[in-house]
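Here is my input; please provide its structure:
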Amino acid sequence: MLTGSTGQIAGIIIASLLVIGFGIGMSVYFGRKAKNSADWLSAGESLPLIVVIITQFATATGGGVLIAHVGIGYRSGWSVFLYEGCVLVGFLVLMWIAKWLREQRFTTVPDIITKLFGRNRLAIAIAALAALVVPFGWLATQFVAFAQLFGQLTGVSPTALILVIMVASLFFVLPGGLTSVAWTDFVFGIFMIVMSLGVAAYAIHLAGGWGQITATVPQRLWGWEGFTAAGWDQIWLWVAAILPGTLTNQLYYQRVFATKKVSDARRGLGLSGLTMLIGGIYAGCIGLAVHSMNPGLANEEDAAGWLLTQLPTWLVIVFGAFLVSTIISTTGAALQSVVANLTRDVYQNIAGKQAGERQTVTLSRMITVGVSVLAAVLAILFPKALTWLVATYAYSAAALAAPIFLGYLLHRRRRLTPTAAIAGMVAGILGCALAQLADTTVPYAVYGIAVSAAAVLGTALLTPARPAVENERAVQA
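You can find the predicted model right below:
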């Protein structure tokens, strides 16, 4: 159903095209800095601190915040801050190993598994699959978010909108991979920070002010109890899935790998984590404001799209540009991350194929198109944003959290083998799946991580100790 005026729709289309065109121009310009496949896959360790901070924010603040997190604010008030808090804590924990990650010059998460446990094709394959499910889930989420947001306003079918955002995203990634994505995200991220705070303030104004919101919205959502209004079952699911999922999210690791200075790796993560609270302010304020104005939405994830239909024409146009820039920023980052896994880990490390610099970049671009099409098809078939986010986080965390962090703790003390990594990852995935099928009270991600940790520890303890010379080399590493 068409809910926006012809003028609004035309304005949004023009503004969106300008944003996309500007972004493509930046992507092409910065893409020229990508001289080789390393620049395409990891930005050649060239990103300054401020770019790392803002691009992390732009990457994390995508369709999940625009749709799923606003939906949390609509249904559960300030509980959205606990979701954002899980991401913040994850960033702070990543600071612990950031210097080591940066010094090792990794490109993808499977590189970490190889460093800790030794080279093994099966281990690399499982790690690659586990690492790419989160950015792939994010990619599908962005497509869903774009369709849900603009479908209500324009009346255009979700399928058509998903295809539009898919094509636009390709233009952001294809020129220079991570080099172009990071610098484009930096510029868009600054715009996003300003707009998110401005739109949140206007939404409160539109609802009649904070006093009107507190008068019409149940206190359990906007009072102190609002921080736990989602219910402890849901909150523990976030803690069990989002926190470890953040710790194993390759999108964040890649920006650590790409920092210009080793010292920037830690500072970038800490400051990026703090910027995530801006997303909580945006989602919570808009969710509560929409709840005040329209408490009867059948689907809480329609809250942001409904707000679009209530804004004045000029703000709809500006807000539309903001939404497009936000979604494309995250889409580009997620898409590039998936392609990095498939190119480096599957093609080069597993299949054992080696190609020249130009051929590697060409292959990466071909894979980019294929991944985009697959994500678009799945987004059309399964249009539920929050479900994508939580499920992909849970399975990725179940497979990778214990091998990465226990491996980091043990690699100087025990002899770690690929068998331990494989056992931990497989056990984590199976444990997570069985617990989900059993519909356990405790979040299924917890079972997956616990089983994975037991498998890694058990295998490591049963492995004979390394020779003294080898142990000394491990300590130095």
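
Please make it C-alpha for all contacts and neighbour counts, starting now.
Fine.

Helices of the stretch 351-477 of the chain, start to end?
Counting by DSSP state H, counting those that start in this stretch, one finds helices in the stretch 351-477 of the chain at the ranges 357-381, 385-410, 418-437, 444-462, 468-476.

what's near enough to touch the nearest residue to Pro403 once chain neighbours are set aside?
Excluding its sequence neighbours, the residue lying closest to Pro403 (Cα to Cα, 6 or more residues apart in numbering) is Ala421, at 5.8 Å. Counting by Cα atoms under 8 Å, 6 or more residues apart in numbering, Ala421 makes contact with Ile113, Phe117, Ala123, Pro403, Val456.

As TSV, these with neighbour count and distance to Val87 would be great.
As requested, the contacts of Ala421 are exported to TSV (neighbours: other Cα atoms under 10 Å; distance: Cα to Cα, whole Å):
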residue	neighbour count	distance to Val87
Ile113	24	22
Phe117	22	27
Ala123	24	27
Pro403	31	20
Val456	25	25
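
Go through those residues and say which is closest to Ala265.
Set against Ala265, the nearest of the contacts of Ala421 by Cα to Cα is Ile113 (19.5 Å).

Just the pLDDT at the closest residue to that closest one other than its chain neighbours, thanks.
Of all residues not flanking Ile113 in the chain, Ile404 sits nearest, at 6.6 Å (Cα to Cα, 6+ apart). With respect to pLDDT, Ile404 scores 92.

Equivalent analysis for Ser5, please.
What the model reports for Ser5 is a pLDDT of 63.

swap in Trp40?
Trp40 is assigned 51 on the pLDDT scale.

ditto for the one 4 residues further on
We have a pLDDT of 53 for Gly44.

Now the element after the longest helix belonging to the chain, going C-ward?
Criterion DSSP state H: the longest helix present in the chain is helix 121-154. Moving toward the C-terminus from helix 121-154, the next helix or strand (DSSP states H and E) is helix 158-173.

list the buried ones in that next one?
Within helix 158-173, the residues that count as buried by 16 or more other Cα atoms under 10 Å are 158-159, 161-163, 165-166, 168-173.

Dump those to a markdown table, plus pLDDT and distance to Trp222.
Formatted as a markdown table, these follow (pLDDT from 0 to 100; distance: Cα to Cα, whole Å):
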| residue | pLDDT | distance to Trp222 |
| --- | --- | --- |
| Pro158 | 84 | 33 |
| Thr159 | 88 | 36 |
| Leu161 | 86 | 34 |
| Ile162 | 87 | 34 |
| Leu163 | 87 | 38 |
| Ile165 | 82 | 34 |
| Met166 | 85 | 37 |
| Ala168 | 78 | 38 |
| Ser169 | 76 | 36 |
| Leu170 | 77 | 40 |
| Phe171 | 72 | 41 |
| Phe172 | 66 | 39 |
| Val173 | 65 | 40 |
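
which residue ranges form the helices in the stretch 201-350 of the chain?
Taking DSSP H, counting those that start in this stretch as the criterion, the stretch 201-350 of the chain carries its helices at 210-216, 219-222, 232-247, 250-257, 262-293, 303-308, 313-340.

Give me the distance between Thr459 and Asp111.
With distances taken as Cα to Cα, to the nearest Å, Thr459 is found 21 Å from Asp111.

oh, I was asking about Ala230
Distance of Ala230 to Asp111, given as Cα to Cα: 37 Å.

And Ala340, how far from Ser396?
Look at Ala340 and Ser396: by Cα to Cα, they are 17 Å apart.

no wait, His291
Distance from His291 to Ser396, by Cα to Cα: 33 Å.

Same drill for the two, tell me which one is more crowded.
The residue with more neighbours, out of His291 and Ser396, is Ser396; 32 against 25, by other Cα atoms under 10 Å.

tell me the contacts of that one?
For Ser396, the contacting residues are Ala130, Ala131, Val133, Val134, Gly245, Thr248, Asn249, by Cα under 8 Å, 6+ apart.

follow-up on the earlier one: quick check, nearest of the buried residues of helix 158-173 to Leu409?
Nearest member of those to Leu409, counting by Cα to Cα, is Val173, at 35.7 Å.

who's in contact with the closest residue in space to Ala445 that isn't next to it in sequence?
Computed as Cα to Cα, 6+ apart, the closest residue to Ala445 that is not its neighbour in sequence is Ala394, at 5.0 Å. When contacts are counted by Cα under 8 Å, 6+ apart, Ala394 touches Ala240, Ala241, Ile242, Pro244, Gly245, Cys432, Tyr444, Ala445.

any idea how far Ala394 is from Val338?
As judged by Cα to Cα, Ala394 and Val338 stand 17 Å apart.

how about the strands in the stretch 1-150 of the chain?
Read by DSSP state E, counting those that start in this stretch, the stretch 1-150 of the chain holds no strands at all.

tell me the helices in it, going along the chain?
Listed in chain order, the helices of the stretch 1-150 of the chain (DSSP H, counting those that start in this stretch) span 6-31, 37-42, 49-60, 63, 70-76, 80-103, 109-117, 121-154.

hmm, back to that, please tabulate the contacts of Ser396 in TSV and include pLDDT and neighbour count as additional columns.
Shown next, in TSV, are the contacts of Ser396 (pLDDT from 0 to 100; neighbours: other Cα atoms under 10 Å):
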residue	pLDDT	neighbour count
Ala130	87	25
Ala131	83	29
Val133	81	23
Val134	77	30
Gly245	73	31
Thr248	78	27
Asn249	77	26
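
Those residues into a markdown table, with extra columns for distance to Ile9?
Below are the contacts of Ser396 laid out as a markdown table (distance: Cα to Cα, whole Å):
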| residue | distance to Ile9 |
| --- | --- |
| Ala130 | 40 |
| Ala131 | 38 |
| Val133 | 34 |
| Val134 | 33 |
| Gly245 | 37 |
| Thr248 | 40 |
| Asn249 | 36 |
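
I'd like the helices of the stretch 201-350 of the chain as a markdown table, with distance to Ile190 appended.
Formatted as a markdown table, these follow (distance: least, Cα to Cα, whole Å):
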| stretch | distance to Ile190 |
| --- | --- |
| helix 210-216 | 27 |
| helix 219-222 | 28 |
| helix 232-247 | 22 |
| helix 250-257 | 17 |
| helix 262-293 | 11 |
| helix 303-308 | 21 |
| helix 313-340 | 11 |
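
Quick one, which of those gets closest to Val371.
With respect to Val371, and counting by Cα to Cα, the nearest of these is helix 313-340 at 7.4 Å.

mean confidence for that closest one?
Rounded to a whole number, the mean pLDDT of helix 313-340 is 75.

Roughly how far does Val426 sit from Tyr395?
Separation of Val426 from Tyr395 (Cα to Cα): 11 Å.

Between these two, tell me which one has more neighbours.
Higher neighbour count among Val426 and Tyr395: Tyr395, with 29 against 21, using other Cα under 10 Å.

and the buried residues of helix 158-173, which two are the farthest apart?
Pro158 and Val173 (22.7 Å).

nearest residue to Ala435 other than its sequence neighbours?
Setting aside the residues directly before and after it, Ala435 is nearest to Tyr444 in space (Cα to Cα, 6+ apart), at 4.9 Å.
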